[in-house]
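Q: Predicted model follows, preceded by the sequence.
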Amino acid sequence: MADGEKVCLVDSGNDKDAGRKVRQILDKNGWHLAAILNTHSNADHIGGNRYLQGQTGCKVYSGGIEAAFTKYPVLEPSFLYGGYPCKDLRHKFLMAQESDVVDFSDQSFPKEIEVIPLPGISLTWWDSVCRTM
């Protein structure tokens, strides 16, 4: 971002441990995490959100149905299973912890970043690529 201390993270890894590693990098470099930009809601992309959001107060951005899957992660294994997922499907590889989500269209979204929707990873999900302008 413009001031050199605030940074945005594209995806947060698959769990709290990934979030801790990101936090160590942030601290080592004197950076403040302003936002996490989720490309899509698979657990290996959003799993560190809750930890990092709790530690830094950052915003988590996503779009459309991805935001719903990020806010309510039980939707991912439910979508795959076709109903409420059995216990064997409710684990960190399919179901991250929930995080508060703001849509990419929100006026608080960083102006210097452009989101480019790319249909892809799954039947109903959209991958997004973010680039600085």
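A: Perfect, I can see it now. Residues are numbered from 1 along each chain as shown.
Q: what about the protein, any weak spots by pLDDT?
A: 1-3, 119-133 (pLDDT under 70).
Q: Now do the helices in the chain.
A: Listed in chain order, the helices found in the chain under DSSP state H are 16-29, 43-46, 49-56, 64-71, 75-81.
Q: Please work out which of the ones you listed is packed deepest.
A: The highest mean neighbour count among the helices of the chain, using mean count of other Cβ atoms under 10 Å, belongs to helix 43-46: a mean of 23. C-betas here are computed from N, CA, C, even on glycine.
Q: Contacts for stretch 94-107, please.
A: With contacts defined as Cβ atoms under 8 Å, 6 or more residues apart in numbering, stretch 94-107 is touched by 14-15, 38, 43, 46-47, 49-51, 53, 59-64, 67, 70-74, 76-77, 80, 85, 89, 108-109, 115, 128.
Q: got the end-to-end distance for that stretch?
A: The first and final residues of stretch 94-107 sit 31 Å from each other (Cα to Cα, to the nearest Å).
Q: Kindly report the same for stretch 84-92.
A: Stretch 84-92 stretches 16 Å from its first residue to its last (Cα to Cα).
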